[in-house]
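Engineer: 3D model of this:
(4 chains)
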Number of protein chains: 2
Amino acid sequence: MYTISETAAKLGMSAHTLRYYEKEGIISPQRNEAGVREFDEQHILWLQFVKKMRETQMPVTQIKEYTKLFQEGEHTAGDRLKLLEEHQQYIKSQIETLKATDDMLTKKVAAYKEAMKGVLN
Amino acid sequence: MYTISETAAKLGMSAHTLRYYEKEGIISPQRNEAGVREFDEQHILWLQFVKKMRETQMPVTQIKEYTKLFQEGEHTAGDRLKLLEEHQQYIKSQIETLKATDDMLTKKVAAYKEAMKGVLN
DNA sequence: ATTTGACTTAGAGTTCTCTCTAAGGTCTAC
DNA sequence: GTAGACCTTAGAGAGAACTCTAAGTCAAAT
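Structural biologist: As a prediction, the model looks like this:
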């Protein structure tokens, strides 16, 4: 069992963010007698998944939607699958965009270096 | 010469956004006698570059900084190069993040499909 | 001549995702 | 038993990047 700040540290996010996610229904940790949140390994795994989705620009609303479907049970598997596949499509196209810009920048950087030759040496 | 809405259409962004970029000093179109903005091919090229930077998550503040350096003249080439190289580094690491999540999703999607076999057929 | 539709401005409003504040409760160590 | 470091809440604040509004000007078309 981990407190909110241990969990936050483990995940590299802030306790504030975890409370925010809870308010949004993305995570639902148990509480002890004193009302203090208790996160377990399952929560950590789920949050690692959430983090990956956020790092790849999935909006919080979509993560909420996915979470809600999850809680509704097995019959929502098809909808969840659709969400995941759509996000994967987004990721693939974002990779292409990044690669194209990477190539463009490589050329631009080379041009800069060429132009600066006299200055640098 | 293009009006703001022609330019916006050409670039796939809104006229609002172009005015916002102008306010931020990222673009400085000429004005005609009536005060109407006039964009030329150079502006289009510059905006295409700006768009690529935005699509790859370069913050508007950094684009402003790059623009400012540009206007200050040739002696800022080194600083501009540094900005571009840093952004390229960001792009490369973002590509890695996306690839890793893509792989993770591929597995997850496969697991979903496996679990849903009976339901689908 | 008036309508249509484009343009202008300054500034307000929106959305997203946190991030922080204030006021207070609880646990552990000394 | 009190200091310090945790935790709690509701709700406000922040920053980024637009996005829109209101009030008005202007030129071309009918």
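Engineer: which bits of chain A sit near chain B?
Structural biologist: Residues of chain A lying close to chain B by CB under 8 Å from any CB of the partner chain are A:52-53, A:55-56, A:77-78, A:80-81, A:84-85, A:87-88, A:91-92, A:94-95, A:97-102, A:104-106, A:108-109, A:112-113, A:115-116, A:119. The C-beta positions use only the backbone N, C-alpha and C, and glycine is treated the same way.
Engineer: Can you list which of the residues you listed are found in helices?
Structural biologist: Residues of the residues of chain A next to chain B located in helices (DSSP state H): A:52-53, A:55, A:77-78, A:80-81, A:84-85, A:87-88, A:91-92, A:94-95, A:97-102, A:104-106, A:108-109, A:112-113, A:115, A:119.
Engineer: Now which of those would you call buried?
Structural biologist: Buried members of those, scored by 16 or more other CB atoms under 10 Å in any protein chain shown, are A:53, A:77, A:80-81, A:84-85, A:87-88, A:91, A:94-95, A:98, A:101-102, A:104-105, A:108-109, A:112.
Engineer: Need the pLDDT of the residue nearest the centre of chain A.
Structural biologist: Using CA atoms, centre = their mean, the residue of chain A that lies closest to the mean C-alpha position is A:R54, 2.2 Å off. Looking at A:R54, its pLDDT stands at 98.
Engineer: Could I get the contacting residues of it?
Structural biologist: By CB atoms under 8 Å, 6 or more residues apart in numbering or on different chains, A:R54 lies in contact with A:60, A:63.
Engineer: Chain A against DNA strand D: which residues are in contact?
Structural biologist: Contact residues (CB under 7 Å from any atom of the strand) of chain A with DNA strand D: A:3-6, A:15, A:19, A:35-37.
Engineer: could those go into CSV alongside pLDDT, secondary structure and neighbour count?
Structural biologist: Shown next, in CSV, are the residues of chain A next to DNA strand D (pLDDT from 0 to 100; DSSP: H, G, I helix; E, B strand; the rest coil; neighbours: other CB atoms under 10 Å in any protein chain shown):
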residue, pLDDT, secondary structure, neighbour count
A:T3, 94, coil, 15
A:I4, 95, helix, 18
A:S5, 93, helix, 12
A:E6, 94, helix, 13
A:A15, 96, helix, 15
A:R19, 96, helix, 14
A:G35, 90, coil, 6
A:V36, 93, coil, 12
A:R37, 94, strand, 21
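Engineer: what's the farthest-apart pair in those?
Structural biologist: Greatest spatial distance among those (CB to CB): A:E6 and A:G35, at 16.9 Å.
Engineer: contacting residues for A:V36?
Structural biologist: A:3-4.
Engineer: swap in the one 4 residues further on?
Structural biologist: Listed by CB under 8 Å, 6+ apart, the contact partners of A:D40 are A:1-2, A:30.
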